[in-house]
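Chemist: no FASTA, just this:
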């Protein structure tokens with residue numbers, strides 16, 4: 001059983017879904033990401049042993065992000081991204097969602113395995 005303390009959800013994150021824009025020919029092309037929802041999350045970089053276990057599922061996992069489950073979080077898909085405005089580094093960190101699981105299948109916390117996009 002994983003230890004989930006709700007005081008650990010201290011990072012304000014924005015979950016964004018891919019945007020689309022119509023071209024002059026009427027087709028759609030990727031556009032700026034659109035905000036899906038804002039939540040508080042726990043963000044952890046993976047230790048060596050955790051990374052080995054996580055990479056058994058997803059080869060490029062760099063972070064685990066936990067968010068309390070609600071009706072909107074339950075609809076998040078791996079096509080979306082998690083944006084975190086890191087005040088310490090002064091930049092917005094973007095995490096690509098690789099997979100998501102409902103911790104312990106209790107509907108309380110959703111855990112996302114993510115890869116940080118470095119630009």
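Modeler: Here it is on my side, so go on. These numbers were taken from a predicted model, which means no experiment stands behind them.
Chemist: Which secondary structure element of this structure has the lowest mean pLDDT?
Modeler: For the chain, scoring each helix and strand by mean pLDDT, DSSP states H and E identifies helix 48-55 as the least confident one, at a mean of 54.
Chemist: Next secondary structure element downstream of it?
Modeler: Using DSSP states H and E, the next helix or strand after helix 48-55 towards the C-terminus is strand 63-68.
Chemist: quick one: average pLDDT of that following strand?
Modeler: The average of the pLDDT scores along strand 63-68 is 93.
Chemist: Quick check: bridge partners of residue 96?
Modeler: Counting by DSSP bridges, residue 96 is bridged to residue 81, residue 115.
Chemist: For the one helix or strand residue 101 maps to, enumerate the helices and strands it packs against.
Modeler: In this assignment (DSSP H and E), residue 101 forms part of strand 91-102. For strand 91-102, the packing partners by 3 or more Cβ pairs under 8 Å, 6 or more residues apart in numbering; DSSP states H and E come out as strand 81-86, strand 109-117. From N, CA and C alone the C-beta is placed, and that goes for glycine too.
Chemist: and those, which is most packed in?
Modeler: When you average the neighbours per residue for each of the helices and strands packed on strand 91-102 (mean count of other Cβ atoms under 10 Å), strand 109-117 leads with a mean of 20.
Chemist: and that strand with strand 91-102, angle?
Modeler: What separates the directions of strand 109-117 and strand 91-102 is an angle of 140 degrees, with axes from the mean of the first three to the mean of the last three Cα atoms, to 10 degrees.
Chemist: Give me the packing partners of strand 109-117, helices and strands only.
Modeler: Packing contacts for strand 109-117, counted by 3+ Cβ pairs under 8 Å, 6+ apart, involve strand 63-68, strand 81-86, strand 91-102.
Chemist: Next one: the most centrally placed residue in the chain from residue 106, what distance?
Modeler: For the chain, the residue sitting closest to the mean C-alpha position, by Cα atoms, centre = their mean, is residue 82 at 4.0 Å. In this structure, residue 82 lies at 22 Å from residue 106, with Cβ to Cβ, to the nearest Å as the measure.
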